[in-house]
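**Student:** coordinates only, sequence not included:
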């Protein structure tokens, strides 16, 4: 027989918000996603999704690694820091982002979130926002030196 405290815990955990987010590369952006789009399901109060640079020391392809690890989203671009930014979901299905002291910058709708090597305040991310990680280096002539630019899709799925 369940106690009132147990029932309350079960109801509270069931009421936690789950949020669906999709990252869709913008045309002309780096192909560092390794696939056409990446989806993640985040949970209120759960771990943040960590965005950062992929290093190929393991011999695993970036697309494979992104498919295996749902707590990280990695990009094959030298202008993205190893620990660039974090995204999480809060009550009501609202998503938030912060730059985690990157040197090359995290941009939301063309606005840099914080100065170089400084953790940003929290910013709400909305459906349709454009997220950019890093800035093109040497004109972005090579994919590896190009910023990662993607459209954020929240609560729905976009076929790419």
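**Tutor:** Arrived safely. Every value quoted in this text rests on a predicted model; they were computed, and no experiment measured them. Residues are numbered from 1 along each chain as shown.
**Student:** Touching, residue 122 and residue 98? I think so.
**Tutor:** Yes - with contact defined as C-beta atoms under 8 Å, residue 122 counts as touching residue 98 (5.2 Å). C-beta: built from backbone N, CA, C; applies to glycine.
**Student:** So those two - more neighbours on which side?
**Tutor:** Legend: neighbour count by other C-beta atoms under 10 Å for residue 122 and residue 98, higher for residue 98 (18 against 12).
**Student:** What segments of the chain are strands?
**Tutor:** Shown for the chain, the strands assigned by DSSP state E span residues 18-25, 38-43, 49-53, 72-75, 85-90, 94-99, 106-108, 111-112, 123-125, 130-133, 148-154.
**Student:** Can you list the helices and strands that the first one packs against?
**Tutor:** Okay, so that is strand 18-25. Counting contacts by 3 or more C-beta pairs under 8 Å, 6 or more residues apart in numbering; DSSP states H and E, strand 18-25 is packed against strand 38-43, strand 85-90, strand 94-99, strand 148-154.
**Student:** Just the residues contacting it, thanks.
**Tutor:** 31, 33, 36-44, 49, 73, 87, 89, 93-95, 125, 131, 148-158, 160 (C-beta atoms under 8 Å, 6 or more residues apart in numbering).
**Student:** I'd like to know how many residues surround residue 20.
**Tutor:** 16.
**Student:** Generate a ChimeraX selection restricted to the buried entries among the contacts of strand 18-25.
**Tutor:** Listed next is the ChimeraX selection for buried residues among the contacts of strand 18-25, using 16 or more other C-beta atoms under 10 Å:
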select :33,37,38,40,42,44,49,73,87,89,95,125,131,148,149,150,151,152,153,154
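**Student:** pLDDT weak spots in this protein?
**Tutor:** 1-17, 28-35, 55-70, 139-144, 159-160 (pLDDT under 70).
**Student:** rewinding a little: the helices and strands packed on strand 18-25: which one's closest to residue 108?
**Tutor:** Among the helices and strands packed on strand 18-25, the nearest to residue 108 by C-beta to C-beta is strand 94-99 (6.6 Å).
**Student:** and the angle for the closest one with strand 38-43?
**Tutor:** Interaxial angle, strand 94-99 versus strand 38-43 (axes from the mean of the first three to the mean of the last three C-alpha atoms, to 10 degrees): 110 degrees.
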